[in-house]
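In: give me a 3D structure for the following:
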Amino acid sequence: MVILKEYVKVEDNIFSINHTASQEDEKLEHEEFITFPYSSEMLKQDPDHLLGLVMEVIPANSCLVFCSSKKNCENVALMLSKLIAKMYRHLTNVNRDKRKELLRELKQDGEGKICPVLEYTIHFGIAYHHSGLTMDERRLIEDAYSDGILCVLTCTSTLAAGVNLPAKRVILRSPYVGMSLIKYSQYKQMVGRAGRAGIDSSGESFLIVKGQDRMRIKELFTGPKDVCHSSLAYEEGKGIKSLLLSAIGLKMVTTTESAFLLLQQSLLHIQSSALSIDLTVMTRECIKYLLDQGLAIQTKAGEQSESCHLQTSSIGKATFKGSVDHAFSSQLYKDLKASELSLNLATYLHLLYLVTPYDTALTIIPSWDIYFKKFCSLSETEAKVASTIGVPENYLGLKAAGRSSKKKLCSLTVNRFYLTLMLWDLWNQRTVWEVSETFSQTRGFTQNLLSQAAAFASCVLHFCQELEEFWAYQDLLRTFVKRLAHCVETELLPLMEVPGVKLARAKQFYAAGFRTVAHLAMAEEANLVKNIEHLSRRAASQIISAAK
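Out: Here you go, the predicted structure:
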């Protein structure tokens, strides 16, 4: 069992947290004063003594520093690295070759590009970790941290919830997530990373607090704890609607009564009184929603019977079979139906628009200058696609000039096409780095957009396969979905299916004559290493095994 020692740092004072104390004033017990040998210049750069707290455990052990924002993660990583460069330069000799190899791999996966912050901080065993990273960057950084190549990660709270990366010491840079005070559950999630089972007998956490926030922190430890509530009722019962649609489609629910019985087995039923929810009324409302949206149909069991039979409509069946969000299924059907008569197949742009995720379009805020500039770079054929979809050039010109348009357009359509233009660049072999810079987005957002679009495209394909009227889309989307997942030329698709083979590597293999999975499976390790630049024996062995 790993013992967790929790501390709060208030200016120059360290307090230990006593969770068993009955009195509020006894929760924080003074332990010691900060005695790190800081110069006045260092205090200006690091007023919270982060470097001192970090240096007590590294490089022998690891440390996580949780920050309130993505930008703060990068700034803290840079600040620590610059101070280490001045005070502890010898630390650059620790794992030097392995850190150089990590930088090389990051650059290779970034197709020749690497974040300048990471390029600097990794030499000191420090990296940042947040949603702005690509999946490849995250994997490499997480693996390097787990292997001890990196000893400090500055990260956002998402790391605590989604990734199992423990540390000897955890530092909470601030008691806030954004502008809000952290909840007790968030605090426990983060400090719970302290201590590595099977390696450490104990772990430590430090919560850094400004003097004016000291009383609020006491509330954090003495106030009511968070309660886990059922998510079925969120967003006007969206979870119930999804559950019922699937249950009706699977014939688990065939009547209103069986719907009641199903929901009586849920956590929401147990919590309904505490949440002031009439589950019977909400269930009826959700069934009515499915009927009104045309996702389900209701028929009488017989002429003499008053009970009604529930079943999915053709669109409802396509929705649950295609794993399409029921909130967007009607809009998807309308868009596909409208495009049947006007689908422009002179370019892939129109198909890309049809598989651009609706939910992401609801949250994106377009940069009108970027939007208009990108629109103006479209060919005549591509511009016709935009006009057909419902995004005219003059509208974007007015928005870019800061003027309003008398013509009201569907904001969802306009926002979706903005995302489509990002996907269009990726489709045309521009890198995640280039597209992110063009549209002023993080690399993580751009890559996630591509992943979401590929997943949604697969959903749209299955949606169409359940509707005979969309037979043409079935043939169009089948190959398109595979190519979208990787955004590569058709001939590279088989190579991209091999685990560990990215675009740059696939191009190398193809150019060297390894053009199919079979070619890779039959290849000799030494031959691959000889013909493929920067390919290690270990990586070659893994690729050959994966191809087999």
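
In: ok, and for stretch 262-271, which residues are buried?
Out: Neighbour counts over stretch 262-271 (16 or more other C-beta atoms under 10 Å) mark Leu262, Leu263, Ser266, Leu268, His269, Gln271 as buried. Just so you know, the C-beta spots here come from the backbone N, C-alpha and C atoms, and that holds for glycine as well.

In: what pLDDT does Met422 get?
Out: Listed pLDDT for Met422 reads 97.

In: ignore the last one, Val281
Out: Reported pLDDT for Val281: 95.

In: the one 4 residues further on now?
Out: According to the predicted model, the pLDDT of Glu285 comes to 95.

In: closest to Ile17 out of the buried residues of stretch 262-271?
Out: Distance to Ile17, by C-beta to C-beta, is smallest for Gln271 among the buried residues of stretch 262-271, at 30.6 Å.

In: what sits against the closest residue to the closest one other than its chain neighbours?
Out: Nearest in space to Gln271, with sequence neighbours left out and distances taken as C-beta to C-beta, 6 or more residues apart in numbering, is Ser230 at 5.7 Å. Residues near Ser230 by C-beta atoms under 8 Å, 6 or more residues apart in numbering: Gly239, Ser266, Leu267, Leu268, Gln271, Leu275.

In: Serialize the residues you listed to a markdown table and add fields for pLDDT, distance to Val414 and secondary structure.
Out: Converted to a markdown table, the contacts of Ser230 look like this (pLDDT from 0 to 100; distance: C-beta to C-beta, whole Å; DSSP: H, G, I helix; E, B strand; the rest coil):
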| residue | pLDDT | distance to Val414 | secondary structure |
| --- | --- | --- | --- |
| Gly239 | 95 | 29 | helix |
| Ser266 | 96 | 39 | coil |
| Leu267 | 96 | 39 | helix |
| Leu268 | 96 | 37 | helix |
| Gln271 | 95 | 40 | helix |
| Leu275 | 91 | 37 | coil |
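
In: what's the closest of those to Trp424?
Out: Nearest to Trp424 among the contacts of Ser230, counting by C-beta to C-beta, is Gly239 at 34.3 Å.

In: roughly how far apart are the residue lying closest to Pro366 once chain neighbours are set aside and Val191?
Out: Distances taken as C-beta to C-beta, 6+ apart place Tyr418 nearest to Pro366, at 4.3 Å, with adjacent residues excluded. Here the criterion is C-beta to C-beta, to the nearest Å. By it, Tyr418 lies 40 Å from Val191.

In: from what I see, Ser69 and Gly178 are in contact.
Out: Yes - Ser69 lies in contact with Gly178 (C-beta atoms under 8 Å); the separation is 7.0 Å.

In: Asp213: what's its closest spatial neighbour, skipping adjacent residues?
Out: Residue nearest to Asp213 in three dimensions, not counting chain neighbours: Pro175, with 6.1 Å by C-beta to C-beta, 6+ apart.

In: if I look at that neighbour, how far off is Leu118?
Out: 27 Å.

In: the two: which is more packed in?
Out: Using other C-beta atoms under 10 Å, the more surrounded residue of Pro175 and Leu118 is Leu118, with 23 against 20.

In: and the more buried one, what helix or strand is that in?
Out: Element membership for Leu118, per DSSP states H and E: helix 116-121.

In: Ser69 and Gly178: which is more packed in?
Out: Here Ser69 and Gly178 are compared on neighbour count by other C-beta under 10 Å; more neighbours surround Ser69, at 15 against 9.

In: residue contacts, the more buried one?
Out: Ser69 touches Thr156, Gly178, counting by C-beta under 8 Å, 6+ apart.

In: 10 Å - rerun?
Out: The contact partners of Ser69, by C-beta atoms under 10 Å, 6 or more residues apart in numbering, come to Asn75, His130, Thr156, Arg173, Ser174, Tyr176, Val177, Gly178.

In: assumed Leu535 was part of a helix.
Out: No - counting by DSSP: H, G, I helix; E, B strand; the rest coil, Leu535 falls outside a helix, being coil.

In: contacting residues around the strand or helix carrying Lys100?
Out: Assigned by DSSP H and E, Lys100 belongs to helix 96-109. If you take C-beta under 10 Å, 6+ apart as the criterion, helix 96-109 is touched by 92, 95, 113-115, 118-119, 122-125, 127, 133-137, 139-141, 143-144, 147-150, 432, 502-505, 533-536, 539.

In: buried stuff in stretch 502-519?
Out: Buried, per 16+ other C-beta under 10 Å, within stretch 502-519: Leu503, Arg505, Ala506, Gln508, Phe509, Tyr510, Ala512, Phe514, Arg515, Val517, His519.

In: specify the local secondary structure of the fifth one.
Out: So that's Phe509. State at Phe509, reduced to three classes by three-state DSSP: helix.

In: for the longest helix along the chain, name the packing helices and strands.
Out: Criterion DSSP state H: the longest helix present in the chain is helix 443-465. When contacts are defined as 3 or more C-beta pairs under 10 Å, 6 or more residues apart in numbering; DSSP states H and E, helix 443-465 packs onto helix 135-146, helix 314-321, helix 326-340, helix 349-354, helix 358-363, helix 411-427, helix 432-439, helix 471-486.
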